[in-house]
Structures are given as C-alpha cells and as structure tokens.
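> Just need the structure, nothing else, for what follows:
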Amino acid sequence: MDMTDNLSFAVDSFLEFMKFSKGRSDNTVLNYAVDLAQFVEYLQQQGLTAPKEITSAHVRSFLREMVGFGFARSSAARKLSAVKSWMVYLLDSSLIEKDPAASVKGPKLPSRLPRAIALDDVIRLIEEGPSGAPALRDRALLEILYGCGLRVAEVVALDWADADLDERWLRVRGKGRKERMVPMGRPALAALRAYRDSQGSPEGGPLFRGPQGSRLTVRTVHRVVTKGAAKVGLAGVTPHVLRHSFATHMLEGGASLRVLQELLGHESLVTTQRYLKITADQLLAGYCAAHPRAGRDEE
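So this is what the prediction gives:
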C-alpha cells in the first residue's frame, strides 16, 4: 500500500503541516493529535485503511460513539473540528476527492456566555489580592491580565524586550504566533515599573519570573489569580475571567467591536460579538430590575 493512502501517515502529514506551515502552537497540535488518533482508531475498527474510504456516515457515527462513551458535547464538538480541519487538508492535498465532514453538524451546545466580574471586584482583587514576597510581581501580573485583556499563554510568553514602558505598549505574540501591539493603562504601567525596580531593573529575559528567575508557567499564573481572588472573597475567578471582564468593561465604556477585536487578538469578529450580547443582557437585567413598569410579563 502507498504510504500516502495510510490513515496514520495522513494524520502525521497534517500535524506537520499545522505546526510548521500554519505555525500552530505545540498545545494545539497535541490536541489535534489526540482527537485524530481516536478518530483513526475508530475508522480502523470499522475496517478502513485509507482516507478516501471515509464517508459522512463514519464521521457522524464517530461523534455518536464519543458522546455515548461519556465525552461532553463540547469535547465532541472539538473532535469534530479537528476532523473537519484534517478533511480540508486531505482535500487540498488531493488525498480525497470529496470532503465527508463538510455536511456534518456538531452536537448542539448549551449557550455559555462569558462571565465578567464587577469593576469593584477587579479592583479589590488587584489591590488586595497579592501578598508576600511576590506581591509586586503578582500585582503587575493582575494589572496586565485585566488591563490588557491578554490570554494567560500570552502573558507568560512576554519578555522585558516586549514592554515599551515609555510609550505604554506591549508586543504580544498570540495564537498562530501572530504579533499585535496592545496599549497599557497607567495603573498597569505603574505596577510594572514597581515590579521592575524590585528586580534591579532587568534588561532582558522573561517579564514575569519565578523565584529562581525562570519564566512563570501557566499553572503558576492560574494559582496567583485564584489565590488572590480567594483572599478577597471571590470564587470562580481565573485568568480567562479577567480577559472576559476586560472585554465586557471595554464595550460598556463605549469601545467599538473592531477595536476590541484587535486588542483581544481575535481572527474573527464573530468571536468578539459574543461580548455584545453579554452587555445587552446586563443592561436589560438592570432595566427590568429598576424600572417600575419594565416587567417582562407585562403587556
């Protein structure tokens, strides 16, 4: 059998394409590898050996089996996304003549709107949450997470060379290694300068460091946020919640969706539009709660 007709070879070629040609992160490529390995195992159990044998029925039955096996619908939807991406690659590579996943719809997901915390709570978290030896670092970290709306992976990847403290800009490397410039507010700038001075004004290396000078990990950043939130009586606050709060508060303050899209590093405006619904819902809830004749059940 020609190796190009082999399912596993086709997956390996796709993963190399995603990493080296598309610039996807190691974590993204790993997720693709796990999901497609499950799909290939399922196909082999059905007696398939080559990509050209895959049909829409195989894709649909794979999804049903995943859900039946106990995977959450969100996980099944992610697996379908991996399969769809693989099929597009196979079609572009002429390894299949028709995309069998194009017409397959994922499981219906519950509507999960991003959660934002109140501005007063954000301020309490930033000002009262950090404690102990790394307090200056942690405060600067919280200011950047909320004040710039960065993803946690983007924060830990920052170097001092990425921070222009005179002009108040951060050079951020986002998904797909795409760079964007994000402005800093004055509180974030002040916190970052205080942290820098406590470190002896470092000229290079990671922006946020651990006790031994090594770059902070994603896990440590999560721990800083959750520990600080617990200290001020907040539950369920994560770095991602701070990013959602940044977006929601920006819209409430009058920022346009296009500006917010650039700041968040979203490729699609559709992703950014999710926050518009949150703000509208919050306004409606406030109106219904405050106005004497705003009851939903009144005609």
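> Strands along the stretch 51-200 of the chain, start to end?
For the stretch 51-200 of the chain, the strands defined by DSSP state E, counting those that start in this stretch cover 163-164, 169-173, 179-183.
> which helices and strands does the first one pack with?
Contacting strand 163-164 under the criterion 3 or more CB pairs under 8 Å, 6 or more residues apart in numbering; DSSP states H and E are the following elements: strand 169-173. Just so you know, the C-beta spots here come from the backbone N, C-alpha and C atoms, and that holds for glycine as well.
> who does the strand it packs on pair up with?
Note on strand 169-173: by DSSP bridges, its sheet partners are strand 163-164 (antiparallel), strand 179-183 (antiparallel).
> Any chance of JSON lines for those strands, columns mean pLDDT?
Converted to JSON lines, those look like this (pLDDT from 0 to 100):
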{"stretch": "strand 163-164", "mean pLDDT": "93"}
{"stretch": "strand 179-183", "mean pLDDT": "92"}
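> So which of these is nearest N31?
Of all those, it is strand 179-183 that lies closest to N31, at 22.8 Å by CB to CB.
> Now do the helices in this protein.
All helices of the chain, identified by DSSP state H, fall at 7-16, 26-45, 56-69, 73-92, 119-128, 135-148, 152-156, 186-198, 218-231, 239-252, 257-264, 269-272, 274-290.
> other SSEs contacting the fourth one?
Contacting helix 73-92 under the criterion 3+ CB pairs under 8 Å, 6+ apart are the following elements: helix 7-16, helix 26-45, helix 56-69.
> To H240, which of these lies closest?
Nearest to H240, of all those, is helix 26-45, at 14.8 Å by CB to CB.
> quick revisit: most tightly packed of the helices of the chain?
Highest mean neighbour count among the helices of the chain (mean count of other CB atoms under 10 Å): helix 135-148, with a mean of 24.
> State the number of residues packed around F208.
Around F208 there are 24 other residues, counting by other CB atoms under 10 Å.
> who touches R177 in this structure?
By CB atoms under 8 Å, 6 or more residues apart in numbering, the residues touching R177 are 23, 25.
> do you know how far it is from P187?
R177 sits 29 Å away from P187, going by CB to CB, to the nearest Å.
> Flag the shaky bits of the protein, pLDDT-wise.
Along the chain, the model assigns pLDDT under 70 to residues 1-5, 109-114, 276-286, 291, 294-299.
> tell me the domain boundaries of it?
Using automatic domain parsing, the domain ranges for the chain come out as 3-92, 119-287.
> For S103, which of the ones you listed is the nearest?
With CB to CB as the criterion, S103 lies closest to domain 3-92 of the domains of the chain, at 5.9 Å.
> just how off-centre is the closest one within its chain?
21 Å (CA atoms, centre = their mean, to the nearest Å).
> hmm, back to that, now for the helices and strands packed on helix 73-92, which one comes closest to L242?
Of the helices and strands packed on helix 73-92, nearest to L242 by CB to CB is helix 26-45, at 20.1 Å.
> counting contacts, what elements does that closest one pack onto?
helix 7-16, helix 56-69, helix 73-92.
> could I get these as JSON lines with distance to V104?
Output for those, formatted as JSON lines (distance: least, CB to CB, whole Å):
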{"stretch": "helix 7-16", "distance to V104": "18"}
{"stretch": "helix 56-69", "distance to V104": "5"}
{"stretch": "helix 73-92", "distance to V104": "7"}
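> quick one: which of those is nearest L251?
Comparing the helices and strands packed on helix 26-45 under CB to CB, the one sitting nearest is helix 73-92, at 24.9 Å.
> Identify the residues contacting the closest one?
Under the contact criterion CB under 8 Å, 6+ apart, helix 73-92 has outside partners 10-11, 13-14, 17-18, 31-32, 35-36, 38-39, 51, 54, 59, 62-63, 66-67, 71, 96-102, 104, 106-110.
> Now do it against helix 56-69, angle only.
On the basis of axes from the mean of the first three to the mean of the last three CA atoms, to 10 degrees, helix 73-92 is oriented at 160 degrees to helix 56-69.
> As CSV, could you dump the C-alpha coordinates of helix 73-92?
Only the C-alpha atoms of helix 73-92 are listed here, as CSV (Å, rounded to 0.1, in the frame of the first residue of the first chain):
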residue,chain,number,x,y,z
ARG,A,73,-20.7,17.7,23.9
SER,A,74,-18.1,20.4,23.9
SER,A,75,-15.4,17.8,23.7
ALA,A,76,-17.2,16.0,20.8
ALA,A,77,-17.6,19.4,19.1
ARG,A,78,-13.8,19.9,19.4
LYS,A,79,-13.1,16.5,18.0
LEU,A,80,-15.4,17.3,15.0
SER,A,81,-13.5,20.5,14.5
ALA,A,82,-10.2,18.5,14.3
VAL,A,83,-11.7,16.0,11.9
LYS,A,84,-13.0,18.9,9.7
SER,A,85,-9.6,20.6,9.6
TRP,A,86,-8.0,17.2,8.7
MET,A,87,-10.5,16.7,5.9
VAL,A,88,-9.8,20.1,4.4
TYR,A,89,-6.1,19.3,4.4
LEU,A,90,-6.7,16.0,2.7
LEU,A,91,-8.9,17.6,0.1
ASP,A,92,-6.4,20.3,-0.6
